[in-house]
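J.: Below are the sequence and a predicted model for it; my questions follow.
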Amino acid sequence: MEVKVISLISGGIDSPVSSYLMLRKGVEVVYLHFHSFPIVSKSSIYKVTQLVKILSNYQSPSTLYLAPIGEIQARLRTKVDPRYLVVMYRRIMLRIAEKIAEEEKADALVTGESLGQVSSQTLQNLLVIEEAASIPVLRPLIGFDKEEIVEIAKRIGTYEISIRPQEDCCTLFVPRRQVSAAKLDKVKKLEEDLPIMEFVEEAVKKVEKKIIG
């Protein structure tokens, strides 16, 4: 049975490696990048395009979706407990990704998250974030440490691009202090007071699709 996934790819080191690991298993990968243009420059878009070109050595042609979420993040900043912003952002990202998965008839979502690598990626937070999706969320790097991920990135040729500086949707709107053990009931309560699905539908309408390779 042929498997198809939507890989959430940033301009960083981890998500290209997680995409590569899925490709190595013979999985068809469609890429989805979240960006904050025009609030910031297109630097992350350029980087991701280059990364997908490299990954196209393992699957060509490749489809890349570009989803703007800067406006959503800016609106959430004024309404949500700052400690919960990252969890809220990621739940919205999964919902948008699921809409793309429906369009692509994909079976699952893929992220570059690794357990405990950053404060937002605790097991409790990952569970709360994943609850927003109704299809499986795969995390090929879940048990990897950073050194292992960097080693693979260097081997497949993505590392040098990934370490270039960029303005992206995560660094721009992430507070210094983040909750490390989010409570699902609190997150759902915060979402009750927000037009979450309206945010998702607005973002989906603005998504761009590119064929690379």
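T.: That came through, no problem.

J.: and the longest helix belonging to the chain, which residues are buried?
T.: The residue-count maximum for a helix in the chain (DSSP state H) belongs to helix 85-104. Under the neighbour-count criterion of 16 or more other C-beta atoms under 10 Å, helix 85-104 has 85-101, 104 buried. All C-beta atoms are positioned from the backbone trio N, CA, C, and that covers glycine.

J.: and that helix, how far from the chain's centre?
T.: 8 Å (C-alpha atoms, centre = their mean, to the nearest Å).

J.: Which element is encountered next along the chain beyond that helix?
T.: For helix 85-104, the following helix or strand on the C-terminal side (DSSP states H and E) is strand 108-110.

J.: what pLDDT does Tyr84 get?
T.: Listed pLDDT for Tyr84 reads 89.

J.: Quick check, it in contact with Val179.
T.: Yes. Contact criterion C-beta atoms under 8 Å: Tyr84 and Val179 qualify, at 5.6 Å.

J.: Next SSE downstream of the helix or strand bottoming out on mean pLDDT in the chain?
T.: Using mean pLDDT, DSSP states H and E, the weakest-scoring helix or strand in the chain turns out to be helix 169-173, at a mean of 51. For helix 169-173, the following helix or strand on the C-terminal side (DSSP H and E) is helix 184-192.

J.: Could the C-alpha coordinates of that following helix be exported in PDB?
T.: The C-alpha trace of helix 184-192 is given here as PDB (Å, rounded to 0.1, in the frame of the first residue of the first chain):
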ATOM      1  CA  LEU A 184      -5.600  20.300  27.500                       C
ATOM      2  CA  ASP A 185      -8.600  21.700  29.300                       C
ATOM      3  CA  LYS A 186      -7.000  25.100  29.500                       C
ATOM      4  CA  VAL A 187      -6.000  25.000  25.900                       C
ATOM      5  CA  LYS A 188      -9.600  24.100  24.800                       C
ATOM      6  CA  LYS A 189     -10.900  26.900  27.100                       C
ATOM      7  CA  LEU A 190      -8.600  29.400  25.400                       C
ATOM      8  CA  GLU A 191      -9.800  28.100  21.900                       C
ATOM      9  CA  GLU A 192     -13.400  28.500  22.900                       C
END
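
J.: counting contacts, what elements does it pack onto?
T.: helix 85-104, helix 123-130 (3 or more C-beta pairs under 8 Å, 6 or more residues apart in numbering; DSSP states H and E).

J.: Can you lay out the ones you listed as TSV showing distance to Val137?
T.: Formatted as TSV, the helices and strands packed on helix 184-192 follow (distance: least, C-beta to C-beta, whole Å):
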stretch	distance to Val137
helix 85-104	7
helix 123-130	5
